[in-house]
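1. structure for this input, please:
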Amino acid sequence: MTQPAELPRWMDLVVLPAFNLGVALAVCGIVVAVIGLDPAQVITLLVKGAFGSRSGLSYTLYYATTFVFTGLAVAVAFHGGLFNIGGEGQAMIGGLGTALVALALGPHLGPMLLLPLMVLGAALAGAAWAAVPAALQAWRGSHIVITTIMFNFIASALLAYLLVNVLKEPGNMTLESPPFGAAARLPGVHEALGWVGIDWPRSPLNLALLLAVAAAVGIGMFLWQSRPGYELRATGFSPPAAHYAGIWPRRQVMRSMLISGALAGCVGINELAGVQGRLLLDFVAGAGFTGIAVSLIGRNHPLGIVLASLLFGALYQGGAELAFEIPGFSREMVTTLQGLIVLFSGAMATVAAPWLARLYALFRRQEGGRG
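-> Down below sits the predicted model:
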């Protein structure tokens, strides 16, 4: 019996997502044409708004930074055989951890010590919030999807309670904490570039971008270059086989979810330490759920997640520009375009894989025949 052709890893990470994205954009073009707009103009303005200026590029990278954290969070859990959809709640609690460190230690420490402690506080808080669903899955068999969904709502309620009754700034009608001190503010990229004499427009983009890049590189090395990462992936691929090989599945469940929660918690660094300078109620704004789509489109690989994060960052920034530039192009239409891209690039990601694999196999046979 002929074995079905398989895509090589580089095609699975690059060619397949690019093909799916092309199909998604083609369908988006048809939808745009149906509502009476010029698809070429819409795509051109979207790309121009996202990458056509230094300011637009900065906003695209700012959004992408958050999506890298949440996308990696989903991917690590996925490689461990778990579907963590609690990134939203873990990011909220990570932001709470960031804020508590900033408010408690900000008046007493300088930025060189305080900022790493804020990163640590965000990661530990996010990991702690993910640890409970992980333990329930590992020792009680509770389904991780159900428990992480529930914990999203609990995190939202807890954050609201604390902002109303404990952390709210006195005399301020808005649900937000007192501002962080100057030492707790992560420098913006425009400031950092200004230190070396490069003029860059002011934007929310901050040095959390470097943390996101380091996280992507670190997760890649952990999953494919370390023994713990191999054990985690082996458990995700086949828990019984991993157990037979001497790998304790419960430990891998806890490991994958703790790392996943820590990554999601780092959203608070980008949003609170880098931009807002205080704890807000809705600072996550759906980024945890967007991370699911980012991870699916990125094929659960750090490189793919970085590229998918840039795509979604471009959609957010370019979509905002479209709403300004084209009369009648509402924010809901931008959401529709995002949904179509998720549908074709994420949910239907493997539909085209067999066809591409056959084409690749045919090409290899032809090349072999010529040789």
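
2. can you pull the contacts of A33?
-> The neighbours of A33, taking Cβ atoms under 8 Å, 6 or more residues apart in numbering as the test, are P39. Heads up, the C-betas are built off the backbone N, CA and C, glycines and all.

3. can you check what pLDDT the model gives it?
-> Per-residue pLDDT puts A33 at 86.

4. what's the helix or strand for it?
-> Using DSSP states H and E, A33 maps to helix 16-34.

5. buried by neighbour count: which residues of that helix qualify?
-> By neighbour count with 16 or more other Cβ atoms under 10 Å, helix 16-34 contains the buried residues 16-17, 19-21, 23-25, 28-29, 32.

6. switch those residues over to JSON lines; also include distance to G339.
-> Shown next, in JSON lines, are the buried residues of helix 16-34 (distance: Cβ to Cβ, whole Å):
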{"residue": "L16", "distance to G339": "20"}
{"residue": "P17", "distance to G339": "17"}
{"residue": "F19", "distance to G339": "19"}
{"residue": "N20", "distance to G339": "14"}
{"residue": "L21", "distance to G339": "14"}
{"residue": "V23", "distance to G339": "14"}
{"residue": "A24", "distance to G339": "10"}
{"residue": "L25", "distance to G339": "13"}
{"residue": "C28", "distance to G339": "10"}
{"residue": "G29", "distance to G339": "15"}
{"residue": "V32", "distance to G339": "14"}
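
7. pick out whichever of those residues sits closest to A134.
-> P17 (29.2 Å; Cβ to Cβ).

8. quick one: the helix or strand of the chain with the lowest mean pLDDT to chain centroid distance?
-> Ranked by mean pLDDT, DSSP states H and E, the weakest helix or strand in the chain is helix 9-10, scoring a mean of 72. In this view, helix 9-10 has its centroid 22 Å away from the chain centroid, taken as Cα atoms, centre = their mean, to the nearest Å.

9. in the stretch 101-250 of the chain, which spans are helices?
-> Along the stretch 101-250 of the chain, the stretches classed as helices by DSSP state H, counting those that start in this stretch are 111-135, 144-165, 189-195, 208-225, 227-237, 239-244, 249-265.

10. among these, which is the most enclosed?
-> With neighbours defined as mean count of other Cβ atoms under 10 Å, the helices of the stretch 101-250 of the chain peak in mean count at helix 249-265, which reaches a mean of 26.

11. got any ranges where the stretch 201-350 of the chain has weak pLDDT?
-> Counting by pLDDT under 70, the low-confidence segments of the stretch 201-350 of the chain come to 328, 345-350.

12. isn't V275 up against P204?
-> Yes: V275 lies in contact with P204 (Cβ atoms under 8 Å); the separation is 4.6 Å.

13. which neighbours do the two share?
-> Common neighbours of V275 and P204, counting by Cβ under 8 Å, 6+ apart, are Y62.

14. want to throw the helices of the stretch 101-250 of the chain into JSON lines with distance to S177?
-> Shown next, in JSON lines, are these (distance: least, Cβ to Cβ, whole Å):
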{"stretch": "helix 111-135", "distance to S177": "14"}
{"stretch": "helix 144-165", "distance to S177": "7"}
{"stretch": "helix 189-195", "distance to S177": "23"}
{"stretch": "helix 208-225", "distance to S177": "19"}
{"stretch": "helix 227-237", "distance to S177": "36"}
{"stretch": "helix 239-244", "distance to S177": "42"}
{"stretch": "helix 249-265", "distance to S177": "17"}
